[in-house]
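**Q** Got a sequence here, can you build the structure:
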Amino acid sequence: MFKLSKKKKENKEKQQIAQVPNINKNDIQEQNRIYREGLVRVLDFIAPSALAISSSNIQIGEVYCRTLFITAYPKILPIGWMGGIISLDLPMDISIFVHPIETVKIMKSLRKKTTQIQSELDIESKKGLTRNPMLEMAYRNVEELRDKLQEGVEKFFKMGVYVNVFGKSSEKLDKNASYLITTLESQSIYAKKSIFRMKEGFDSCLPLCTDKLMTGIDFNTAPLSTSFPFISADVTSNEGILYGVNKHNNSLILFDRFTMENANMVVFAKSGAGKSYAIKLELLRSLMLGTSVIVIDPEDEYRYLAEAVDGSFIKISLNSPHHVNPFQLAIEKGVDISELLRSNIANLLGLFKLMLGSITPEESAVLERAIREVYASRDISEKTSPERLAGITMPILSDLYEVLRNMQGSEDLAIRLEKYTKGVFSGFLNHPSNISLNNQLVVFNIRDLEEELRPIAMYLILHHIWNEIRVDIKKRIIVVDEAWVMMEHEAAAKFLYSIAKRVRKYYGGLTTITQDISDFMSSKYGKPIVSNSSMQLLMKQSQSSIDVVANTFYLTDREKYLLMNSGVGEGIFFAGSKRAAIQVVASYNEDKLVTTDPAQRLEMKKEEVSDEIELL
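**A** Here you go, the predicted structure:
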């Protein structure tokens, strides 16, 4: 019964097939081909418009490509040698292929090599020749390698390094390839073009993991490990503020300077390189996180920023209503009056060295005695209580002048001090302090001061700031622009260095900016200030100063080249032991606030005037 039903079913299927018209398979294939040609595929988007393969290069659309492969290495390879190649500013792709080799085959080859070397040594010994250090060293090296291979400590590999170099024209391609070959040869590494095998070389550098050139060189584990580019240029702590874009890998450089050993920073760049722009951008972003900022501005570059964020802009000049009294004492609860008084007297002596020029040890002793008498005249001594000190009016410079006039042996000091009390400079120092640092951003502008008064003003302002930050401890950044002005004078440089050493104890960070690095580093306090700064920002440098920068920061030749050819806002950012090339970037609104370009400033003023006219 089952067999009969099955047979009927098969006959029925044959009848149905016979009724279907014959289908031509070729017609179906042709129809499918036409259909596929009409579709837009992903390959159509990513494929080049044309591909031309020649003996020495490949043309991919409008771009030219040439494949190089490394053929020889020096006897000793430094760790991370590949990093210098990867960091080159060249359009290129690099592939490294590592093929393992069976240890048994290598052991046979090394045994044969050992026999050959031993035979040569025996022949030379029988001839009575003196020892051959080269052969002896080769013998020891081969034997040592055999032992390590036998123990499994070392393995053997065949490594191939291929580089696809690109250029927008054949001339540009030749230039890029020559530069890469020259750079490699400077390290005793030699490369060749893959003549007549450009297609295989190009395919080998694609991310397909296929080695079509197969031109590797034998390496054991130790030298092979030096080739791996473990040179992460990632400089970020993923917290803090944005300093710029990492030019090595286009990642963001985010950092909180207060998480370092100290929050100090130095900025070196030539005029017009964008150093003030970068620092104003840092300050603007720090203000948004609640950090207080105090700036000493010699060139009126921070006025617009202070006005925009409702900060305090304090103009210090001979006719300014703002004054800083050098004799002012910072009063705080629980303070040791004797220590406070001694510290202030020491700072005053440093200030008078700037004001009066060279001072002999005898004159310094006279000045110290006179300062103590001036404080004593206001009933201020080491025994005065803090509560009583708060209600006492502080002495001013003219009080010291009167004391010196009446002291024996201080007539010359009084005469030299007279121009600051009765002469043309009397409006500068001879007044009680009337400046407050309570605002989140405080800018001290000294542009209108005479050149000889600028270092004095910077010292005096820093002295006043230092007294205040010791009383009111909070996260604070102190910026000293054009710091080379202070470094020209030993007393001012010493005071700046003392702040750099001690400011971290009061939750502060000192930012030192200068364009004359030669003058800065010629001071004996220049390098210590750099050493006490966990962060450094180097921007475009001149040919005359690059050697000083390179010796100070131990720059490589590539980093020197980068600094001399950097554009505006570009440089090298150091954070502790990390470093990376940086591009300072700002948003549209930030750029309007921090720009120092005169043409852009004038254009912005015109826009403001036109907006006011439209409102009227």
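
**Q** okay, now the domains of the chain?
**A** The chain resolves into domains spanning 51-225, 325-432, 587-616 when parsed by automatic domain parsing.

**Q** With distance to Val471 as extra columns, can I get the ones you listed in JSON lines?
**A** C-betas here are computed from N, CA, C, even on glycine. Rendered in JSON lines, the data for those read as follows (distance: least, Cβ to Cβ, whole Å):
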{"stretch": "domain 51-225", "distance to Val471": "48"}
{"stretch": "domain 325-432", "distance to Val471": "4"}
{"stretch": "domain 587-616", "distance to Val471": "30"}
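
**Q** In terms of mean pLDDT, which of the ones you listed ranks lowest?
**A** Note on these: lowest mean pLDDT is at domain 587-616, with a mean of 75.

**Q** that older thread, so which of the domains of the chain is nearest Leu453?
**A** Counting by Cβ to Cβ, Leu453 lies closest to domain 325-432 out of those; the figure is 6.5 Å.

**Q** and Val549, which of the domains of the chain is closest to it?
**A** Within these, the stretch nearest Val549 is domain 51-225; the backing value is 18.5 Å (Cβ to Cβ).

**Q** Next, the distance between the ends of that closest one.
**A** For domain 51-225, the separation between the terminal residues is 37 Å (Cα to Cα, to the nearest Å).

**Q** how far does that domain sit from the chain's center?
**A** 33 Å (Cα atoms, centre = their mean, to the nearest Å).

**Q** what does stretch 279-291 give?
**A** Computed by Cα atoms, centre = their mean, the separation of stretch 279-291 from the middle of its chain amounts to 18 Å.

**Q** now stretch 417-428
**A** Between the mean C-alpha point of stretch 417-428 and the mean C-alpha point of its chain there is a distance of 44 Å (Cα atoms, centre = their mean).

**Q** For that stretch, which residues meet the burial criterion?
**A** When neighbours are counted by 16 or more other Cβ atoms under 10 Å, the buried residues of stretch 417-428 are found to be Leu417, Glu418, Tyr420, Thr421, Phe425, Ser426, Phe428.

**Q** just to revisit the earlier point, out of the domains of the chain, the one nearest Met564 is which?
**A** Using Cβ to Cβ as the criterion, the shortest distance between Met564 and the domains of the chain is 12.9 Å, found for domain 51-225.

**Q** In the protein, which strand is the longest?
**A** Using DSSP state E to define each element, the chain has its longest strand at strand 156-167.

**Q** Beyond it, next helix or strand please.
**A** With elements assigned by DSSP states H and E, the helix or strand that comes after strand 156-167 is helix 170-185.

**Q** now for that following helix, which elements pack on it?
**A** Other elements packing on helix 170-185 under the criterion 3 or more Cβ pairs under 8 Å, 6 or more residues apart in numbering; DSSP states H and E are strand 63-72, helix 81-86, strand 156-167, strand 190-193.

**Q** Any idea which of these gets closest to Lys126?
**A** Closest of the helices and strands packed on helix 170-185 to Lys126 is strand 156-167, at 33.6 Å (criterion: Cβ to Cβ).

**Q** partners of the helix or strand harbouring Leu537, with directions?
**A** With secondary structure defined by DSSP H and E, Leu537 is part of strand 535-539. When sheet partners are counted by DSSP bridges, strand 535-539 sits next to strand 265-268 (parallel), strand 570-575 (antiparallel).

**Q** mind checking how far Ala346 is from Phe495?
**A** When distances are taken as Cβ to Cβ, to the nearest Å, Ala346 and Phe495 turn out to be 10 Å apart.

**Q** now do Ile331
**A** Relative to Phe495, Ile331 is positioned 21 Å away (criterion: Cβ to Cβ).

**Q** more crowded one of Ala346 and Phe495?
**A** Summary of the neighbour comparison: Ala346 and Phe495, criterion other Cβ atoms under 10 Å, with Phe495 having more neighbours (23 against 13).

**Q** I'd like the next helix or strand past the helix or strand where the more buried one lies.
**A** Here Phe495, judged by DSSP H and E, is contained in helix 490-502. If you walk from helix 490-502 toward the C-terminus, the next helix or strand you reach (DSSP H and E) is strand 508-514.

**Q** strands paired with that following strand, and their directions?
**A** When pairs are called by DSSP bridges, strand 508-514 turns out to pair with strand 265-268 (parallel), strand 476-480 (parallel).

**Q** In the first one, which of the residues would be classed as buried?
**A** Within strand 265-268, the residues that count as buried by 16+ other Cβ under 10 Å are Met265, Val266, Val267, Phe268.

**Q** ok, how many other residues are close to the closest residue to the last one other than its chain neighbours?
**A** Excluding the flanking residues, the one nearest Phe268 by Cβ to Cβ, 6 or more residues apart in numbering is Ile517, at 4.8 Å. Other residues within reach of Ile517 by the criterion other Cβ under 10 Å amount to 24.

**Q** now swap in Asp448 and tell me
**A** Neighbouring residues of Asp448 were enumerated by other Cβ under 10 Å; the total is 13.
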